[in-house]
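Chemist: Let's see this in three dimensions:
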Amino acid sequence: MYRSRTCGELRLEHAGEEVTLAGWVQRSRKMGGMTFIDLRDRYGITQLVFDESSDAELCGRANKLGREFVIQIVGTVNERYAKNDKMPTGEIEIIVKKLNILNASEVPPFTIEEDTDGGDDLRMKYRYLDIRRANVRANLELRHKFCLAVRHYLDEKGFMEIETPVLVGSTPEGARDFIVPSRMNPGQFYALPQSPQTLKQLLMVAGTDRYFQIVKCFRDEDLRADRQPEFTQIDCEMSFVEQDDILKLFEGMTKYLFKEVRGYDLGEAPFLRLPWSEAMRRFGSDKPDMRFGMEFVELMDILKGTGDFAVFNDAAYIGGICAEGCASYTRKQIDQLTDFVKSPQIGAKGLVYARIQEDGTVKSSVDKFYSPETLTAMAEKMNAKPGDLILIISGPDMMKARKQLCELRLEMGQRLGLRDKNKFALLWVVDFPMFEWSEEEGRLMAMHHPFTSPKPSDIAKLDTDPANVLADAYDMVCNGIEVGGGSIRIHDAVLQAKIFNVLGFTPERAQEQFGFLMNAFKYGAPPHGGLAYGLDRWVSLFAGLDSIRDCIAFPKNNSGRDVMLDAPSCVDPKQLDELYLDIKPTDK
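Modeler: Here you go, the predicted model:
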């Protein structure tokens, strides 16, 4: 028997008990004739004591132990003289009688502690060491508990977990696919699924009624803090439902997860449902952070054409936010904000500000272009009070200017401490546009995916005004992060063909790529809809992380590489020959 107890379970009531422990050496301290070693396993840390006066040979062996040696000990639980209230086992220690070295260790490339000295790339290269750190391991335990709670809730609601294939056909609409060549079918390729979308719809046609799957998905796209080339979805679909049925059920699931996993009560009130157009107008984003206000106020009627400031007079949009109590910002702070919005990532041309003085007058960077009356009217429309700071962005493109103002709003929220990671604000964004124009493609593209149903009242517009058709789609947003989304699906082959036509598909191409789905609709497809949650994003939110990487056991870096496995990598030419593939020369 390697161990009778773990390193995290012993307490004062176990004093006098003989135990066998096994784990890794966290650290070693020699104090006079005593050697103290912290022994760590997945469950915690226990202090070991070696007394030179009792057993000099044993103590000598203990002094030779290095960090991360794997050892087994036998000893007696003893009340600790100098107790440590910062660790669960801090009231006890083990007086060691026997020591067995199970495996020696080289000096690790970074310290295996919560506040490690290892950088991101180094820790990812030795991820198997990084996971030994308690805070990283806690994130994986949180993920495990989250998945268990999801399965419990959905099982209680009658959902059935069904696995779908990982090797599927390519679907060029959307993000880039990861392509897998087929040896048995030369010149043909599988794709790794971006989501099980069409497959879960087929399961509804098959009569399964309520399906879910915690599933790996793959997208060959540029990475961000909340995006990896492979990610995990909680994928769900239901038959004989309308939008309201889905939103209510998954609000319930969200509240259950917060309470069971995070210990956070979201209350009984239903989540806010905010139309997409209103979200864009008020916050410049389809995933607004509702933990704080600072809503946009459009100022076109007050500032365009009422002064000699050409930037505003030529603008298609002028909008501002009011930062409460920030009129005391120094010139240096204003310059920092200006540099922020002018950065390549944001792309604004500049920033206009106005301070509301204690006497109610307005002091602005555009004073010379506008009368005091106009600036006062602007402050009144902004509902700005003495001591407040107004920040204004304009531009020739309304959507771009709103997005720039959105980034400024989030930056101010961060600076003012309004984006507390322990506070959660959830809402549904609904009534998305069905289509969006792609300059690159020169045509309308599906904003969600081609299988989303239009609002029933907008179906007639598909023939006359498709750009203004609204989708029966919805996203759940938490703290400015899209954590899930879905829609009511098309279940009629004729309507599905019409959507493909709007998207520029020929009937032949639609049949070639999605004929299996449209044919299935001819055999009694029920009305259905669903959504998918981003598991990685949810867990990172619950853990208070800025990136999803630390809640994934073996993540990729920002270049999409696994630096631990050195993947992707070149393959043997023989493998390429078997697949009938040649590699084109590249400058990279």
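Chemist: Strand partners (parallel or antiparallel) of the top strand by length along the chain?
Modeler: Longest strand of the chain, by residue count under DSSP state E: strand 18-31. Applying DSSP bridges, strand 18-31 is found paired with strand 34-41 (antiparallel), strand 70-79 (antiparallel).
Chemist: Deepest in the core, which of these is it.
Modeler: When neighbours are counted by mean count of other CB atoms under 10 Å, the highest per-stretch mean among the strands paired with strand 18-31 falls to strand 34-41, a mean of 20. In short, each C-beta sits where N, CA and C put it, glycine included.
Chemist: For that one, give the mean pLDDT please.
Modeler: With pLDDT averaged residue by residue, strand 34-41 scores 97.
Chemist: Who are the contact partners of the closest residue in space to F110 that isn't next to it in sequence?
Modeler: Taking CB to CB, 6 or more residues apart in numbering, and ignoring the residues beside it in sequence, F110 has G118 as its nearest neighbour in space, at 2.8 Å. Residues in contact with G118, defined by CB atoms under 8 Å, 6 or more residues apart in numbering, are P109, F110, T111, Y126, D130.
Chemist: Over to N78?
Modeler: Taking CB under 8 Å, 6+ apart as the contact definition, N78 lies against A15, V49, I92, E93, I94, I95.
Chemist: That one and V571, how far apart?
Modeler: Applying CB to CB, to the nearest Å, one obtains 57 Å for the distance of N78 from V571.
Chemist: How about G32?
Modeler: Spatial separation of G32 from V571 under the definition CB to CB is 59 Å.
Chemist: How about D265?
Modeler: Applying CB to CB, one obtains 52 Å for the distance of D265 from V571.
Chemist: With L517 instead?
Modeler: Between L517 and V571 the computed distance is 34 Å (CB to CB).
Chemist: ok, the two, which is more surrounded?
Modeler: Using other CB atoms under 10 Å as the criterion, L517 and V571 rank with L517 on top: 22 against 11.
Chemist: Let me know the secondary structure of G16.
Modeler: The assignment at G16 comes out as coil when based on DSSP: H, G, I helix; E, B strand; the rest coil.
Chemist: ok, it touching I92?
Modeler: No: using CB atoms under 8 Å, G16 makes no contact with I92, being 10.5 Å away.
Chemist: Residues that sit against both of those two, list them.
Modeler: Where contact means CB under 8 Å, 6+ apart, the residues bridging G16 and I92 through contact with each are V77.
Chemist: So for the two, which sits in the more crowded spot?
Modeler: Ranked by neighbour count (other CB under 10 Å), G16 and I92 place I92 first, with 20 against 9.
Chemist: List the residues that contact M160.
Modeler: When contacts are counted by CB under 8 Å, 6+ apart, M160 is found next to T208, R210, Y211, F212.
Chemist: cool, and P186?
Modeler: Residues touching P186, when contacts are defined by CB under 8 Å, 6+ apart, comprise L579, Y580.
Chemist: per-residue confidence at it?
Modeler: 92.
Chemist: Helix, strand, or coil at it?
Modeler: From three-state DSSP, the assignment for P186 is coil.
Chemist: Next up, the contacts around the nearest residue to R227 once chain neighbours are set aside.
Modeler: Nearest residue to R227, sequence neighbours excluded (CB to CB, 6+ apart): E221, at 7.1 Å. If a contact means CB under 8 Å, 6+ apart, then E221 has A175, R176, R227, P229 as its contacts.
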